[in-house]
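Trainee: Build me a model from this:
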Amino acid sequence: MFSPLIKCTAKHVRAQMAAAAPGSQKYTILLIITDGAIMDLPATISEIVKATELPLSIVIIGVGNADFSTMEMLDGDRNSLTCEETGITAQRDIVQFVEFQKYTGLSSGPRLACDVLAEIPDQVVKYFMGNNQPPNASEPVPPPPAA
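Mentor: Prediction:
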């Protein structure tokens, strides 16, 4: 059941937003690892659509040999999600689905990491730009200390 997890995470993000100083930029990434089909699809779609207004991304990794076609539907790359109950369409794509089985071999780790995180930068920028708050400039990372 994904919807209670997404709903709880969204509640946490809303509480963070309420407690944050004006202009602060916090963004949450929910990672779900699943080995099976989704059982509460309409409720999950509803919670995802509601969460698209929040600084939140959802990464779903499917493990095992299950049919993950439903998970791919949640990833709004092809079509925007629409809640059947309300008719409201997602403001933006916040879900990234990756099927773990497609990454085998010793050299697949970096490719898996790249695909898991591929959409996050655009999702972060779209959230902040959509809220008239350009993302803060990144701070330079200091070089490691000399040995």
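Trainee: and residue 98, what are its bridge partners?
Mentor: Beta-bridge pairing of residue 98 under DSSP bridges involves residue 61.
Trainee: same thing with residue 89?
Mentor: Those that pair with residue 89 in a beta bridge, by DSSP bridges, are residue 82.
Trainee: Confirm for me that it is in contact with residue 82.
Mentor: Yes: counting by C-beta atoms under 8 Å, residue 89 touches residue 82, with 4.6 Å between them. Placement of C-beta: from N, CA and C, glycine included.
Trainee: Let me see the contact set for residue 125.
Mentor: Taking C-beta atoms under 8 Å, 6 or more residues apart in numbering, we find residue 125 in contact with residue 135.
Trainee: before we move on, the earlier item: any shared contact partners between residue 89 and residue 82?
Mentor: Shared contacts of residue 89 and residue 82, defined by C-beta under 8 Å, 6+ apart, are found at residue 49.
Trainee: Any buried residues in the lengthiest helix in the chain, and which?
Mentor: Across the chain, the longest stretch assigned as helix under DSSP state H is helix 3-19. Neighbour counts over helix 3-19 (16 or more other C-beta atoms under 10 Å) mark 3, 6, 7, 9, 10, 13 as buried.
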